[in-house]
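Participant: give me the fold of what follows.
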Amino acid sequence: MIRLPLAVLLVLALAAARPARAIDSAAGTSAAQFLKLGQGSSRAMALGGAYVALAEGSDAISWNPAGLAVTQQRELAFSWYRGMQGVQGVDTRGFLPAYIGYAQPMGRTTWGANAAYLTDNGFDVRDVNGVPQQNSNVSVRDGFGTIGLARSFWYEKLFLGASLRAIHEDVAGSSHDSLAGDFGAMLKPTGALSLGFAVQNFGARAADVARVTRGGAALRLNDFMTVTGELSKASDDGVQFAIGGEFQLPEEYLDVGQLTMRIGYRNVDSYGQSFSGQLKTLNLDQTSGISFGLGVYTSQAFGYGVALDYAFVPYGALGTVDQLAFKLKF
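Facilitator: You can find the predicted model right below:
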């Protein structure tokens, strides 16, 4: 149980010592950037996106479709996303979830589907000198829907999966649609080690959506601590690394449920300084790349498994991002 402070210190040290990233020459050449936000999985967001080797259940559809085959129960998931600069994952009335996912095991094969929606409150348009243009308010409406299939092999040590995603993007009335595929693999040589690999958004034009390649590993150190790491490369960005750790108090120790605390880090450029009093109090007003999360789970909710996960990510001067996810396992 003493490993958690060490993991936290490691993440903070990497954040403080990270080198500045060079701007990739392909930056800004792909649309559908909203797919990189991590909508749908609070757990993945809290771990800094280092999730390719841990993906499971309905979450796996968007991170590594091979993780679908790890699912042991039917799973229905919802999430609410609140982004920076007014971007939000709710409908226009503000009460429906912006993400829904489902996973259905059928022996060694599992299929799943998810759908998500993002909107903003409108933002102003400025000229090259930064002067706001009158009567120029831009709205954005984005969304996607995915269906995936995965199967386990080799006595549930090897998992392979694939998915097909329909993507819709509407910026100020200019919209386009595209189709993209994902392929993923997971290898679990031992009960403690998991290796993951995924290629996302292949088959679509690079201008419509960036292709992303992920590879990583996760190691369960003991009953309480899991660490994970990932390298990823998007066709419109440079190589990024992410690390994360989660400290878990299992259900058998708490009797009524399971409690998990998470922290993650992804090497990103500085987002400047926030003037939020709350973030200043927490010494997070100049933080970029660090994420936090909390999860609770119980298998005793009227015969169902119920999970609630929350993630919080400060983005410096851009504000904060948080996501709340609810899962029902049956």
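Participant: tell me where the stretch 51-200 of the chain has helices.
Facilitator: Secondary structure of the stretch 51-200 of the chain (DSSP state H, counting those that start in this stretch): helices at 60-63.
Participant: low-confidence ranges in the stretch 101-250 of the chain?
Facilitator: Applying pLDDT under 70 to the stretch 101-250 of the chain picks out residues 121-138, 172.
Participant: again, only this time at 50
Facilitator: Within the stretch 101-250 of the chain, no stretch has pLDDT under 50.
Participant: what about the strands in the stretch 151-300 of the chain?
Facilitator: 158-171, 174-187, 193-202, 212-220, 225-234, 239-249, 258-266, 290-301 (DSSP state E, counting those that start in this stretch).
Participant: same list (those strands) but as CSV, adding mean neighbour count and distance to residue 65.
Facilitator: The C-beta positions use only the backbone N, C-alpha and C, and glycine is treated the same way. Output for the strands of the stretch 151-300 of the chain, formatted as CSV (neighbours: other Cβ atoms under 10 Å; distance: least, Cβ to Cβ, whole Å):
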stretch, mean neighbour count, distance to residue 65
strand 158-171, 20, 3
strand 174-187, 18, 5
strand 193-202, 21, 7
strand 212-220, 20, 12
strand 225-234, 20, 16
strand 239-249, 21, 19
strand 258-266, 22, 22
strand 290-301, 19, 22
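Participant: in JSON lines: those, plus distance to residue 327.
Facilitator: Shown next, in JSON lines, are these (distance: least, Cβ to Cβ, whole Å):
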{"stretch": "strand 158-171", "distance to residue 327": "19"}
{"stretch": "strand 174-187", "distance to residue 327": "20"}
{"stretch": "strand 193-202", "distance to residue 327": "20"}
{"stretch": "strand 212-220", "distance to residue 327": "19"}
{"stretch": "strand 225-234", "distance to residue 327": "18"}
{"stretch": "strand 239-249", "distance to residue 327": "16"}
{"stretch": "strand 258-266", "distance to residue 327": "12"}
{"stretch": "strand 290-301", "distance to residue 327": "8"}
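Participant: and those: which comes nearest residue 77?
Facilitator: Nearest to residue 77 among the strands of the stretch 151-300 of the chain is strand 290-301 (12.7 Å), distances taken as Cβ to Cβ.
Participant: between the helix or strand following the closest one and strand 258-266, how big is the angle?
Facilitator: Sequence order places strand 304-314 as the next helix or strand after strand 290-301, per DSSP states H and E. Strand 304-314 runs at 30 degrees relative to strand 258-266, counting by axes from the mean of the first three to the mean of the last three Cα atoms, to 10 degrees.
Participant: okay, now the sheet partners of strand 304-314, with direction.
Facilitator: Partner strands for strand 304-314, per DSSP bridges, with pairing direction: strand 290-301 (antiparallel), strand 320-329 (antiparallel).
Participant: out of the strands of the stretch 151-300 of the chain, which comes closest to residue 79?
Facilitator: Residue 79 lies closest, by Cβ to Cβ, to one member of those: strand 290-301, at 12.5 Å.
Participant: which residues does that closest one contact?
Facilitator: Applying Cβ atoms under 8 Å, 6 or more residues apart in numbering, the contact partners of strand 290-301 are 11-12, 15, 42-43, 45-48, 244, 246, 251, 256-266, 284, 305-314, 329.
Participant: identify the residue nearest residue 179 in space, chain neighbours excluded?
Facilitator: Among residues not flanking residue 179 along the chain, residue 166 sits closest, at 5.8 Å (Cβ to Cβ, 6 or more residues apart in numbering).
Participant: help me confirm that the one you found comes into contact with residue 201.
Facilitator: No: Residue 166 lies out of contact with residue 201 (Cβ atoms under 8 Å); the separation is 11.9 Å.
Participant: and residue 36, how far is that from residue 83?
Facilitator: Distance of residue 36 to residue 83, computed by Cβ to Cβ, to the nearest Å: 12 Å.
Participant: who has more neighbours out of the two?
Facilitator: A count of neighbours by other Cβ atoms under 10 Å puts residue 83 above the other of residue 36 and residue 83, at 21 against 15.
Participant: and for the closest residue to the more buried one other than its chain neighbours, the neighbour number?
Facilitator: Of all residues not flanking residue 83 in the chain, residue 321 sits nearest, at 5.2 Å (Cβ to Cβ, 6+ apart). Neighbour count for residue 321, taken as other Cβ under 10 Å: 20.
Participant: now do the same for the nearest residue to residue 330 once chain neighbours are set aside: its pLDDT.
Facilitator: Excluding the flanking residues, the one nearest residue 330 by Cβ to Cβ, 6+ apart is residue 304, at 5.0 Å. We have a pLDDT of 89 for residue 304.
Participant: residue 304 against residue 327, yeah?
Facilitator: No: the criterion here is Cβ under 8 Å, and residue 304 misses it with residue 327 at 10.0 Å.
Participant: kind regards, and thank you for your time.
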